[in-house]
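[1] Following is a predicted model, sequence given first.
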2 protein chains.
Amino acid sequence: MSRPLILVTNDDGVRAKGIKALIEMVKPLGDVVVMAPFHGNSGMSHAITVKVPLRYKKVREEEGVVVYGCTGTPVDCVKLAIGEVLYKKPDILVSGINHGSNTSVSVIYSGTMGAVIEGCIYGVKSIGFSLLDYNSDADFSQIIDYGRVIAKNTLENNLPENTCLNVNFPVLKKEDIQGVKICRQAKGIWREEFDKRQDPRSGEYFWLTGYYENCENGSTDTDEWALANNYISIVPIEIDFTAHDKIEYFKSWNYDI
Amino acid sequence: MSRPLILVTNDDGVRAKGIKALIEMVKPLGDVVVMAPFHGNSGMSHAITVKVPLRYKKVREEEGVVVYGCTGTPVDCVKLAIGEVLYKKPDILVSGINHGSNTSVSVIYSGTMGAVIEGCIYGVKSIGFSLLDYNSDADFSQIIDYGRVIAKNTLENNLPENTCLNVNFPVLKKEDIQGVKICRQAKGIWREEFDKRQDPRSGEYFWLTGYYENCENGSTDTDEWALANNYISIVPIEIDFTAHDKIEYFKSWNYDI
């Protein structure tokens, strides 16, 4: 049997420490092809590049690992890898390890998870990994073993149709991690605070800042709860966004013009 | 009672014909504030701008309508309007009218729907409108009355928590539209075809192209079916992406390291 083909990407860029840790994590599981943005793409969500063309080039190669950089977004990277570069559909896609949290509502802003959802649309088993440490020099060594077990499970088991995984790791020593919790996405919101400034010509400009606010009242089945209690959170993500249980309600409205 | 406050945005840019039609649609329902990108933002999904600051300025003003242009993405526009510009939370957010389809899986690439989902996260009743005509000079006049009825329903009725609406219009004369269908998002995929070219210095570059492929086998409850059968499609969209019914399955895996 041939070795599994593993597509690796991220949103922090091909030189980020997190993607190096991710390559180390999955290398024992198969042949690795990396296609990741040259530059940071945080907050790019599921954006695709339509106004300028894409380019990619090989950055380095070693035994079992080929690394490409791409001018596009994380979703562009997935499309380009699957549509143009890989010789077959990958057996698994892993994205990250993101420098910082992708819990709760952040899943929708996240370039890391944009790539994962794109892989899922293509029918590839896809996982996003994030560590709750925004530091560019974050220590990923404590979570490699856990991440590998999750990737191995995903390779060996069935992944339900239209479902991918969002994995977040707490910043802890391996021995202090309490294990894995399968969770739902916590209800939360980013509270925006715009930092208003004046440029040298007296023009106003705004920096987007803000803080995450958890809107849950003590529920113990969310990703936020799991991480606050020293667990790794795994949220299965559904790529059909239809609110199926609301369809009947909207049928009751009157649409006559 | 004060008139409803209506926030209008889009992804085709503040000068697009579609947003002018949308303003005309909702103007009779309340006071309108427009905050839309200066330039086209198709395919920007839920992207936010984190590396450069944002600017906005008033573009025009008339009785009951103030129009601002913004340098950011559709999601930035919503954040900036709600966080900085509006005197109160809007009673409704409408986005579009998009030049082209936002059915099926396209909801996740769409800047129009990115803005809608952002409004929904803020707890604002939010609707995205799209016409299945990519032409910049598309005729929006036939759908104004239907759109207004949907917006009016949304203002007057309860919208379930964490739910927003994705409305797509067929390209038909008003009298040929068969009415409204409440649908689920069809299963489909964009099949990528990269247009590979050479620049004058012999460097390779790729244009992202492709076509939508419907993966449904004759189901009559999808948005794609509704539109192909001359109906307006409305898909209620859920902003909790958790695959709730898969949680038990993933608990059965072995996560021991």
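    Done, it's in. Bear in mind the structure is a predicted one, so any value in this text is a computation, not a measurement. Numbering: from 1, shown residues only, chains lettered A, B, ... in the order given.

[2] Quick check: the closest residue to residue A:91 other than its chain neighbours vs residue A:66, distance?
    When the adjacent residues along the chain are set aside, residue A:91 lies closest to residue A:4, with 4.0 Å between them (C-beta to C-beta, 6 or more residues apart in numbering or on different chains). Placement of C-beta: from N, CA and C, glycine included. As for residue A:4, its distance to residue A:66 is 15 Å (criterion: C-beta to C-beta, to the nearest Å).

[3] circling back to that earlier point, in contact with the residue nearest to residue A:91, which residues are there?
    A:29-31, A:91-92, A:155 (C-beta atoms under 8 Å, 6 or more residues apart in numbering or on different chains).

[4] how about the helices in the stretch 1-150 of chain A?
    For the stretch 1-150 of chain A, applying DSSP state H, counting those that start in this stretch gives helices covering A:17-26, A:74-80, A:111-121, A:144-156.

[5] Which among the ones you listed is found nearest to residue B:227?
    In this view, the helices of the stretch 1-150 of chain A are compared for proximity to residue B:227 by C-beta to C-beta, and helix A:111-121 is the closest at 20.3 Å.

[6] is that closest one anywhere near chain B?
    Yes: under the criterion of C-beta under 8 Å from any C-beta of the partner chain, chain B is reached by helix A:111-121 at A:114, A:117, A:121.

[7] Generate CSV for the residues you listed, with distance to residue B:189 as supplementary columns.
    Rendered in CSV, the data for the residues of helix A:111-121 next to chain B read as follows (distance: C-beta to C-beta, whole Å):
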residue, distance to residue B:189
A:114, 16
A:117, 12
A:121, 6
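
[8] From those, keep the buried residues only.
    A:114, A:117, A:121 (16 or more other C-beta atoms under 10 Å in any protein chain shown).

[9] Now flag whichever of those is closest to residue B:53.
    Checking these against residue B:53 by C-beta to C-beta gives residue A:114 as the nearest, at 23.0 Å.

[10] Might you report the residue contacts of the closest one?
    By C-beta under 8 Å, 6+ apart, the contact set of residue A:114 is A:11, A:44-47, A:73-75, B:45.

[11] OK, contacts around the closest residue to residue A:60 other than its chain neighbours?
    By the measure of C-beta to C-beta, 6+ apart, the closest residue to residue A:60 outside its immediate chain neighbours is residue A:67, 4.9 Å from it. By C-beta under 8 Å, 6+ apart, the contact set of residue A:67 is A:14, A:23, A:34, A:36, A:58-61.

[12] Distance check, residue A:102 against chain B.
    The gap separating residue A:102 from chain B is 12 Å, by C-beta to the nearest C-beta, to the nearest Å.

[13] Test my guess that that residue contacts residue A:168.
    Yes: distance between residue A:102 and residue A:168: 6.1 Å, which falls inside the contact criterion (C-beta atoms under 8 Å).

[14] Quick check: neighbours shared by these two?
    residue A:130.

[15] Restrict stretch A:172-187 to CA atoms and write it as CSV.
    What follows is the C-alpha trace of stretch A:172-187 in CSV, where atoms were taken according to Å, rounded to 0.1, in the frame of the first residue of the first chain:
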residue,chain,number,x,y,z
LEU,A,172,0.4,23.8,28.8
LYS,A,173,3.1,21.2,29.4
LYS,A,174,2.1,17.9,27.8
GLU,A,175,1.7,16.3,31.3
ASP,A,176,-0.7,19.0,32.4
ILE,A,177,-3.1,18.6,29.4
GLN,A,178,-6.1,16.7,30.7
GLY,A,179,-6.9,15.0,27.4
VAL,A,180,-9.4,15.7,24.6
LYS,A,181,-13.0,17.0,24.7
ILE,A,182,-15.3,16.9,21.7
CYS,A,183,-17.2,20.2,21.9
ARG,A,184,-19.6,22.6,20.3
GLN,A,185,-18.5,26.0,19.2
ALA,A,186,-19.1,28.4,22.1
LYS,A,187,-21.4,31.4,21.6
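
[16] Would it count as contacting chain B?
    Yes: using C-beta under 8 Å from any C-beta as the criterion, contacts between stretch A:172-187 and chain B involve A:174, A:179-180, A:182-185, A:187.

[17] Now the buried members of those residues.
    In these, burial by neighbour count holds for A:180, A:182-185, A:187, counting by 16+ other C-beta under 10 Å.

[18] Which parts of the stretch 51-200 of chain A are strands?
    With DSSP state E, counting those that start in this stretch applied, the stretch 51-200 of chain A shows strands at A:56-62, A:65-70, A:92-99, A:126-131, A:163-169, A:180-182, A:188-198, listed in chain order.

[19] hey, least reliable of those strands by pLDDT?
    Sorting the strands of the stretch 51-200 of chain A by mean pLDDT places strand A:188-198 lowest, at a mean of 90.

[20] List the contacts of residue A:12.
    When contacts are counted by C-beta under 8 Å, 6+ apart, residue A:12 touches A:18-19, A:40-42, A:98-99, A:112.
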